[in-house]
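Asker: Predicted model, plus sequence, below.
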Amino acid sequence: MLLLLLVLAPAATAAPAFTADGPMTSDSGYFMIEWEADGPVTLEMARDAGFGQPEVLYAGMNHATFVSGLADGDYFVRLRSEDGNLSEPLRLSVAHQSLERALWLVALGAVVFLSIVAVIARGAADE
């Protein structure tokens with residue numbers, strides 16, 4: 001009888017876990033999030049570590065997902081297994097590069113481009 005109960009009882013699954021060792025950072029607003037789980041999971045994201053208003057990003061059997069389009073700030077993600085086990089939260093930090101730096105790089109590219117055009121035009125005029 002005891003053997004029958006052990007066979008028919010649902011097996012306890014381990015809580016899902018992220019493969020990242022610690023917080024993840026990005027200067028572009030996207031992340032590849034990977035995890036290990038024994039079955040289907042739900043990936044939830046919130047702006048606060050307490051998960052006051054979590055948003056479901058993914059639900060299914062995969063072991064990774066790609067998240068993009070995140071604005072500057074901190075985000076927290078966690079995994080929930082079918083039987084309710086929760087993973088430790090993973091912190092995602094986004095700090096995009098500054099607009100000033102991007103504009104300087106565009107200006108530098110424009111100077112290089114115009115210099116090349118001037119050299120080509122001057123060489124063509126000499127012929």
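Answerer: Arrived safely, thanks for sending.
Asker: Check the model's average confidence along whichever strand or helix holds Ala107 for me.
Answerer: Secondary structure from DSSP states H and E places Ala107 in helix 99-126. Across helix 99-126, pLDDT averages out at 92.
Asker: Contacts only, for the closest residue to Gln97 other than its chain neighbours.
Answerer: Of all residues not flanking Gln97 in the chain, Asp27 sits nearest, at 5.4 Å (C-beta to C-beta, 6 or more residues apart in numbering). All C-beta atoms are positioned from the backbone trio N, CA, C, and that covers glycine. Neighbouring residues of Asp27 by C-beta atoms under 8 Å, 6 or more residues apart in numbering: Val94, Ala95, His96, Gln97.
Asker: Would you agree the second one is in contact with Asp72?
Answerer: Yes. When contacts are counted by C-beta atoms under 8 Å, Ala95 is listed as touching Asp72 (5.9 Å).
Asker: max-length strand in the protein?
Answerer: Counting residues, the longest strand found in the chain (DSSP state E) is strand 73-81.
Asker: hmm, who's touching that strand?
Answerer: Counting by C-beta under 8 Å, 6+ apart, strand 73-81 makes contact with 13, 15-18, 33, 35, 37-49, 51, 54, 57, 67, 86-94, all of which sit outside it.
Asker: ditto for stretch 31-43
Answerer: For stretch 31-43, contacts defined as C-beta under 8 Å, 6+ apart pick out 13-14, 16-20, 24, 56-61, 63-68, 70, 77-82, 87, 90, 92.
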